[in-house]
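sequence unavailable; structure follows:
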């Protein structure tokens, strides 16, 4: 995937994050089951990018004055984020996705996601491949995830995110 300007330290990303979380919350309503189902059936970020409900999200993000300088980054990552979020049914704030993957299964000493699969995930660069893998992970987690952590991780899928995820998976804490 192309590199992004890391705008976590600017005022832009929190505004984008707020719009995405608001859109996800709206998507959970009973009125939007059809739209959510259409997004879930999308097989790639490119398919997400042609769904009507995705444009509701995109428009709300692009209306942010501060987002204009990050337009390319936003439009390249937002379909991936929207498609994966369509599979999240419950927000679990405070439990980052990577930490949840590394937690032991109930009644077992094995993590929810195997070490081999986790290492394969960390090597993933291609957006379509990451999309498929993340949907599988959300299913493994019972369609539950920390929505804000998931959005931030997918938006900034880079070496720093991978290191942070590794520490959360293996140590159950973020040391980065």
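Received, thanks. Only a predicted model underlies this, so the values are computations on that prediction, with no experimental measurement involved.

distance check, residue 77 against residue 133.
Applying C-beta to C-beta, to the nearest Å, the value for residue 77 to residue 133 is 15 Å. Backbone N, C-alpha and C define where each C-beta goes, glycine included.

which of the two has more neighbours?
Taking other C-beta atoms under 10 Å, residue 77 and residue 133 do not tie; residue 77 has more neighbours (22 against 16).

helices or strands up against the helix or strand that contains the more buried one?
Here residue 77, judged by DSSP states H and E, is contained in helix 71-85. In terms of contacts (3 or more C-beta pairs under 8 Å, 6 or more residues apart in numbering; DSSP states H and E), helix 71-85 is packed against helix 12-27, helix 45-48, helix 52-62, helix 127-140, helix 147-155.

could I get those as CSV with distance to residue 73?
Shown next, in CSV, are the helices and strands packed on helix 71-85 (distance: least, C-beta to C-beta, whole Å):
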stretch, distance to residue 73
helix 12-27, 10
helix 45-48, 14
helix 52-62, 11
helix 127-140, 12
helix 147-155, 8
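
point out the most buried one among those.
helix 147-155 (a mean of 23; mean count of other C-beta atoms under 10 Å).

and that helix, how far out from the chain's middle?
Remark: helix 147-155 is offset 4 Å from the chain centroid, using C-alpha atoms, centre = their mean, to the nearest Å.

and the angle for that helix with helix 12-27?
With axes from the mean of the first three to the mean of the last three C-alpha atoms, to 10 degrees applied, the angle from helix 147-155 to helix 12-27 works out at 120 degrees.

other SSEs contacting helix 147-155?
Other elements packing on helix 147-155 under the criterion 3+ C-beta pairs under 8 Å, 6+ apart are helix 12-27, helix 71-85, helix 97-102, helix 127-140, helix 159-171.

which outside residues touch that helix?
4, 8, 13, 16-17, 20-21, 24, 73, 77, 80-81, 84-85, 88, 91, 93, 96-98, 130, 134, 161, 164-165 (C-beta atoms under 8 Å, 6 or more residues apart in numbering).

if you set the cut-off to 6 Å instead, what comes out?
Helix 147-155 is contacted from outside by 17, 20-21, 24, 77, 80-81, 91, 96-97, 161, using C-beta atoms under 6 Å, 6 or more residues apart in numbering.

check the residue of the chain positioned farthest from its centre and give its pLDDT.
Relative to the mean C-alpha coordinate of the chain, counting by C-alpha atoms, centre = their mean, the farthest residue is residue 107 (28.2 Å). With respect to pLDDT, residue 107 scores 88.
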